[in-house]
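K.L.:
From the sequence below, what's the structure:
(2 chains)
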Amino acid sequence: MINHDLVIIGAGPAGLAAALAAEKNGVKRILLLERDKYLGGILQQCIHNGFGLEYFREELTGPEYAHRFIEKIKKSQVKIKSETMVVNISQDKLVTAMNRSDGILQIQAKAIVLAMGCRERTREAILIPGTRPAGIFTAGSAQRYVNLEGFLPGKKVIILGSGDIGLIMARRMMLEGAEVKAVLEIMPYSSGLLRNQVQCLDDFGIPLRLQHTITRINGLKRVDSVVISRVDQSLQPIPGTEELIDCDTILFSVGLIPENELSTGMGIELDRITGGPIVNELRETVLKGVFACGNVLQVHDLVDYVTEEAEIAGKAVADYLKGMRVKREQVLNLLPGTNVAYIVPQQIAYEQVDRKRVKLFLRVRRPAEDVRIDLIAEGEKTILSYRRSIVTPGEMVTFFLPEAIIGEKTAYIKVSVEKNSREKEG
Amino acid sequence: MKTDVVVIGGGVTGTAIARELARYHLNIILLEKEDDVAMGASKANSGIIHAGYNADQTTLKGQLNIEANPMFDQLCRKLNVPFQRIGSLVVGFDQADLKVLIQEEIKGQQAGIKNLKILAREQLRAMEPNLNQQARFALYAPSAGIISSYEFTISLANSAVLNGVKVLLETEVNGLMIEAGKIRGVETNRGKIAATIVINAAGLYSDKIAQQAGDQIKITPRKGEYHLLDKNWGDLVNHVIFPIPTKHSKGILVTPTVHGNLLIGPNSSLSTARENLAVSSTGLKEVYDGAKKLLPGLSRKDVIASFSGLRATAEGDDFIIGPSANCVGLINVAGIQSPGLTSAPAIAKSVTDLVKDTLSRINPGLTLTYRDDFIEELPKKLIFTEYLAQNDLEKWQEIIDDHPEYGEIICRCEKISKGEIISAINDPVPAQSIDAVKRRTRTGAGRCQGGFCEPRLLAIMSEELGLSPLAITKKGAGSAILKARTKDWLREQKNYTGGGEQQ
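P.N.:
Numbering: from 1, shown residues only, chains lettered A, B, ... in the order given. The predicted model follows:
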């Protein structure tokens, strides 16, 4: 058995930033475990630009963004094992992993950062009827084939789901000489970033067909066509709206699911909405000394926020190992109210002397314009409001919880996103 | 090519027959039109080894079911096939249902099935706490079991090959060679094969084969659709749960699988096309609604796969097993619908007797003799999850020390190592496609359905088979995963001026 102070599971953007932040704050004997050959996680296949605008104030590609952290990691004392798969973590932080050269590794950690990222929802999970031929891909695996392996999955492409990966892949396939027939979206709005809708679809003349879905996949050995249909308000296909579209490939970009099999195996409770662990402001899970950050905690829109979140977790590991934490008398719960799908972190659990405020992340359920983010304390008392001109489910909303409010003796704060009252009255 | 026996069809029936015949001094060739065995109903069914109470003992399928059920423990041990005798419950809600259950119990007892029991509500609830609270009775049959039907079929085929049977994949029979009322062999897409005996175990196509000899068999495909749920649902039930049966089927059941998933289905609808395995929204809703009547707590949130199988039902609804009426040397094994999987080992024995009869009729001096070198057991495969479950990691370390590829996990969801994949690619009946590896190892069979591991598996297959990645298929010819290399299509365009590396 090997001993480490901190074991980090996953060397994507979250794992890398958590390792660096932990080391910067004095954590020694850090081990970073990665299942792939290279560091950087999914960023390495995201060769498009648009990364780093928030964190570095400049525009980078995915590999460039990853590179900045990998360079620092190489200069650090952090130990790295790549091509190593973690198969189990016990509640007392014994990590079991495996690779070719070491065989089975049993690592006893004092603290753990979970940074396993997420996986893509499949065609099967959303119950699309039809046959099961070759030519059906999740957008992310298609992206891996094209950008990392150098292969093209198909020539006549239809994409279901207008999340960011779907939009990016629509453009990518066009640039490679494929024909992208349409991007279908079951909702009345795209779940991707606005800039991606413009740069990936509009600029290339790819139709975005809102309120449409695939109602049948045809083809015995290889996809040869799909039937698409318009959907009604309750997302059910409307009979009579069927269209047959000739294609050899379908890409599914229908949502991401945090990969928490290792977490639940340890007994960590998940938030039903985020699919990630319930955490406090230090990104600490219900298990003391076990932290989570990045897409394993909540699916992010921008990698920049992943980095920010991982740095919080990395620093928190240092405080935990030093035993420097003061628990609040009562945990402050942050509850989603009107038009709020979820809030991360879900709790404020510790006192901190020099803290001015805590940054919170939320996602709305429905798009809305000219809204207020209301922070509501016990007794339905609104104690603070922020204005936003537009909110959409595709983009994370960030706002602050001032220390003054944290200090008040309230058991919870509910956050609601409401139409601005002037309109509400009018 | 020349042989004693040709078996047409690599389903559970054909492979079981081939393995059983391999006990004798016979040259045997098994022909399969797809790129792997178990490609028809043998890979898309409920995976149940039925106790046998519900099939009429005056029918062939009723008799063979009863005969075969007890064979599975030993056979699966020898073949290393996961099989669990978890028992089944037919659930009743009212007095009318109780009457049916009592009839089934009596039928079963008359057929010699032991330990059948009608359970009352309390007992039922203790055994199945998640069952619909309205359920009042159940017929309990402890001898029913669950199996992985495609792994069973593949193992039968692997064992047959180890015992000298030639399995020819992607070899389709186009016609029978018949002279003066006697079979002379078969014509295939790869040439002629001369044979003394031809066994028609062609599943959905067994009527087409039989008709060439003038035998009037009619097969109607009957489709059954299924949902497979994530492993976190696998312990919702502890037994195979059936509703009260209908005329055509045992109804939509709910069962754990041997790999710990939950399986619900099948419905039953006549299909016009023999290749049409499409699932429909209405069909799957019928499956879900049917299963929900038994288990109200079910949700479709964690469905990880939906599929369908086509049962080969013959007129009269019974198995047709016997010599051709028109052609000496042709043996038809047709209409093998449920309980065909359960009956397979008994069908194999009964067909072996038919082969003996036929041979002695063709050549009265000939008697079939046993080989003394028949290998009963398949070599044990190395499976990481088995060592992990038994916490026997030191042993696994020794395996990695000798073969490092067993230390490299390729499929994250199901924890399958590269060594296990390479072993499947080199099986006696080799895995030559992505799906063939999946059936042998469960690579890509988990919740992400290959999203993570498929590119990795494709690279391993390309290397191991010495093929271009562009030649790797999902399920045989015409199903390549990838279409081209990047920039290939751009170079075809007139105005392309881009550089890029030359491939």
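K.L.:
Can you get me a residue count around the residue lying closest to B:L119 once chain neighbours are set aside?
P.N.:
Ranked by CB to CB, 6 or more residues apart in numbering or on different chains and with sequence neighbours excluded, the top spatial neighbour of B:L119 is B:A138, at 4.7 Å. Bear in mind the C-beta positions are built from the backbone N, C-alpha and C, glycine included. Applying the criterion other CB atoms under 10 Å in any protein chain shown, we find 27 residues in the vicinity of B:A138.
K.L.:
In a strand, B:A138, correct?
P.N.:
Yes: remark: B:A138 belongs to a strand, assigned using DSSP: H, G, I helix; E, B strand; the rest coil.
K.L.:
Any idea how many residues pack against B:D317?
P.N.:
B:D317 sits with 14 neighbouring residues when counted by other CB under 10 Å.
K.L.:
per-domain residue ranges of chain B.
P.N.:
Using automatic domain parsing, the domains assigned to chain B come out as B:1-79+B:147-218+B:315-380, B:387-471.
K.L.:
and the shortest one, anywhere near chain A?
P.N.:
Yes: looking at domain B:387-471 against chain A by CB under 8 Å from any CB of the partner chain, the contacts come from B:388, B:393-394, B:396-397, B:400-401, B:404-405, B:407-409, B:412-413, B:415, B:447-452, B:454-455, B:459, B:469-470.
K.L.:
mind listing which of those are in helices?
P.N.:
Helix and strand membership here follows DSSP state H; of the residues of domain B:387-471 next to chain A, those in helices are B:388, B:393-394, B:396-397, B:400-401, B:454-455, B:459.
K.L.:
Of those residues, which is the nearest to B:N326?
P.N.:
Taking CB to CB as the measure, B:N326 sits nearest to B:E454 out of those, at 48.1 Å.
K.L.:
pretty sure the closest one is touching A:S141, no?
P.N.:
Yes: in this structure, B:E454 is within contact of A:S141 by CB atoms under 8 Å, at 6.2 Å.
K.L.:
Distance of A:R222 relative to B:N65?
P.N.:
Separation of A:R222 from B:N65 (CB to CB, to the nearest Å): 39 Å.
K.L.:
Please report the distance of A:A115 from chain B.
P.N.:
Computed with CB to the nearest CB, to the nearest Å, the distance linking A:A115 and chain B is 15 Å.
K.L.:
Just list the residues touching the closest residue in space to A:S82 that isn't next to it in sequence, thanks.
P.N.:
Spatially, and ignoring its direct neighbours in sequence, A:S82 is nearest to A:E34 (4.5 Å; CB to CB, 6+ apart). With contact set as CB atoms under 8 Å, 6 or more residues apart in numbering or on different chains, A:E34 has these partners: A:10-11, A:15, A:41, A:80-84.
K.L.:
And for A:L60?
P.N.:
Residues touching A:L60, when contacts are defined by CB under 8 Å, 6+ apart, comprise A:49, A:51-52, A:68.
K.L.:
So which of the residues you listed are in helices?
P.N.:
Using DSSP H, those in helices are A:R68.
K.L.:
so which residue of chain A comes closest to chain B?
P.N.:
When CB to the nearest CB is the measure, chain A has its nearest residue to chain B at A:G177, with 3.2 Å between them.
K.L.:
Can you give me the neighbour number for that residue?
P.N.:
A count of neighbours around A:G177, defined by other CB under 10 Å, yields 18.
K.L.:
That one and B:T486 touch, don't they?
P.N.:
No: here A:G177 does not reach B:T486: they are 9.3 Å apart, not a contact under CB under 8 Å.
K.L.:
And the strands in the stretch 251-400 of chain A?
P.N.:
Taking DSSP state E, counting those that start in this stretch as the test, the strands found in the stretch 251-400 of chain A are A:256-258, A:290-292, A:326-336, A:340-344, A:347-351, A:357-364, A:368-377, A:381-391, A:397-402.
K.L.:
so which of these is the most packed in?
P.N.:
Here the criterion is mean neighbour count by mean count of other CB atoms under 10 Å in any protein chain shown, and of those the winner is strand A:290-292, at a mean of 28.
K.L.:
I'd like to know which elements it is packed against.
P.N.:
When contacts are defined as 3 or more CB pairs under 8 Å, 6 or more residues apart in numbering or on different chains; DSSP states H and E, strand A:290-292 sits against strand A:103-114, helix A:303-322.
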